Every structure is written in structure tokens, then in C-alpha cells.
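In: Got a sequence here, can you model it:
(2 chains)
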Amino acid sequence: MNTRKLVFLSLLVALGTALHVLEAMLPNPLPFPGVKLGLANVVTLLALYLFGFRSGLAVAVLRVLTGSLLSGTIFSITFMMSLSGAVLSTIVMACLFRRSESFSILGVSMAGAVMHNIGQLLLASYLIETRGVFYYLPVLIIVGLPTGFLTGYISRLLIRRLKEYVR
Amino acid sequence: MTRADKLLIAFILLIAVAGYFLVPLLSDEGLEKTNIIIKMKGQVVKTVPIEENKKSAFTLRGDKGPFTVEVDGGRVRMVESTCPDKICVKRGWISNPGETIICVPYEVIIYFDARSPVDAVTG
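Out: I've put the predicted structure just below:
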């Protein structure tokens, strides 16, 4: 890995961490508890589109690690859920991205947001040994679509401008 | 936004709507509830036998603070909790076997212990 890529990815992780922590401080105006804007996923998308699957996955995992470290939730159940959500989401996004002639980054991001929630609930249902967590899934999915759209839109704007600085 | 994107969104929405109707099917309707069980981190911490018109409430210690559970006959709810999102509190009352109240940060599940009204089915 060349130095430029290393620095770029590190900056993305740092940015993602800052976004993760910041978002946790934002109050939630909606009647749905536990939903997030997922702004930190912008950096995952950037890493994925600019550098590929492995970089995207690395940035996603590192961002969850450092973000939860700074938020005080590291190695808690919340952290496990975030991690599984981020990994599942990145894998699915990478798969969609590879066929990117059909899907735009908006679709990829929305799918990623939904898969992130599903990943979180899957792990929660396993760790707490109940399937009841899934009663909240339809709500999370429907809220996930617009948040995914937002992160996708922001990512698209950024990728256009950042493309020339990569390599 | 491409055509494939829109198909994807439609597909996802379909799953969400289907899930809304399918998830309750995972529950055990039609069984008789015998007890209300509270589990924390996989261990049963409280069992409340169901008696009509009997109310009770108790406070338990979660990871980062206490939470209070109230029982009224055959239904139960989380009255208040010190967890961050309080999804468990917003759940409200549950009264059917298969319904659950879950507090993820504290790893708490409240559910009904239910048995089938018949002992066996032949044929």
C-alpha cells in the first residue's frame, strides 16, 4: 500500500470516528428510538468506491472500533451490534458496487443502511437469545431508506471531487 | 437514481411490509401463559406467576443503572429504565405469549412462559 492511500484511508477512519461520536450527541426528533442518520457510513462508502472492497471493509471496522472506543461503548453489546452491522453492510454494498452498471451509489447506500440494521438485529437476537428484536425491523428498514439515500447523496458529491486525488 | 435502484427500494419495502405481518407469526399465540419471566444476560432473574388482578412492581439493577418493571394481572411493562434509548419503555404493555420486551444494552428480556392448552395431539 502506498503512502498516499495509507494517509487517505487513515483520514477517512478519523473522519468516520468523529462523525460517529458527533452523531451520538444529536437529539432524535423522530418518534422512533434508536434510529441514526448513519453519517459515519459516508467514509465507508468513500473508501469502498475510491479504493475497493478490502479498504472499505478495513475503514468500516476501524471506524466502529475507534468510534466506540471514544464513545465508551467498546466491547459492549452495542459495539458488537455495530460491528456486525457494519461488516454485513459493507459486504453487501461491495457486492452491489461490483455490478455498479445497474446500481447507483444511492441504491448501494440505501441497501447498505438496511443491511446495517439487519446485521445489528441479527446479532442482538443471537446474543440475547430472542427473536423478539425483529419486531422493530420493519420500522428500521423504512427509516433506513431515506438515511441511506442521504449518505449516498453526500458520498456521491464527495467522490466526484475526491477522485482526482486518489492515486 | 437508476432503475435498478428503484427496484431495490421496492424489494426492500416489500420485505419490510411482509416482515410487519410475518414477525407476529413467529410468536406463540393461543398458548396459556403461566408465568412472566425476566431474563438478564441469559439468566432468569425473576419469575412472576400470573394471577388475575394482582399488581406488582419491582426494580432491578441493569448494567448502568436500575430499571423498573410493573406487572398487572397477565400483562407486564417496563415502567422506566436508565438505558440510553428507552425502546423498552416505549414498548408499553405486552399481554400475549410470544410478545417480548427487550432492553438490548442491559440484555434484558421480559416474556411469557406459556404452555399449550393440550398435552398432546394424536392423528
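
In: Quick check: phi and psi at the residue nearest the centre of chain B.
Out: Among the residues of chain B, the one closest to the centroid is residue B:100, at 0.7 Å (C-alpha atoms, centre = their mean). Dihedral angles of residue B:100 (phi, psi; degrees, to the nearest 10) stand at phi -140, psi 150.

In: cool, and the one 5 residues further on?
Out: Reported as degrees, to the nearest 10, the phi and psi values for residue B:105 are phi -60, psi -40.

In: one step back: surely the residue nearest to the centre of chain B meets residue A:130?
Out: Yes - between residue B:100 and residue A:130 a contact is recorded at 5.8 Å, counting by C-beta atoms under 8 Å. Backbone N, C-alpha and C define where each C-beta goes, glycine included.

In: and for the two, which residues touch both?
Out: Both residue B:100 and residue A:130 are in contact with B:109, B:111, where contact means C-beta atoms under 8 Å, 6 or more residues apart in numbering or on different chains.

In: just to revisit the earlier point, show me what contacts the nearest residue to the residue nearest to the centre of chain B once chain neighbours are set aside?
Out: Leaving out its chain neighbours, the residue that sits closest to residue B:100 by C-beta to C-beta, 6 or more residues apart in numbering or on different chains is residue A:132, at 3.2 Å. Contacts for residue A:132 were tallied using C-beta under 8 Å, 6+ apart; they are A:125, B:99, B:100, B:101, B:102, B:109, B:111.

In: Helices of chain A, residue ranges please.
Out: Listed in chain order, the helices found in chain A under DSSP state H are A:3-25, A:41-51, A:53-71, A:77-98, A:105-127, A:137-162.

In: Please name the residues that touch the nearest residue to residue B:41 once chain neighbours are set aside.
Out: Leaving aside its sequence neighbours, residue B:41 sits nearest to residue B:107 (C-beta to C-beta, 6+ apart; 4.6 Å). The neighbourhood of residue B:107, defined by C-beta under 8 Å, 6+ apart, consists of A:77, A:127, A:128, B:40, B:41, B:42, B:63.

In: near chain A, which residues of chain B?
Out: Taking C-beta under 8 Å from any C-beta of the partner chain, the part of chain B that reaches chain A is made up of B:1-5, B:8-9, B:12-13, B:15-17, B:19-20, B:23-24, B:26, B:39, B:42, B:85-87, B:90, B:99-102, B:104-105, B:107, B:109, B:111.

In: Where does pLDDT dip in chain A?
Out: A:100, A:167 (pLDDT under 70).

In: Geometric centre of it: which residue is closest?
Out: The central residue of chain A, meaning the one whose C-alpha is nearest the mean C-alpha position (C-alpha atoms, centre = their mean), is residue A:41 at 3.3 Å.
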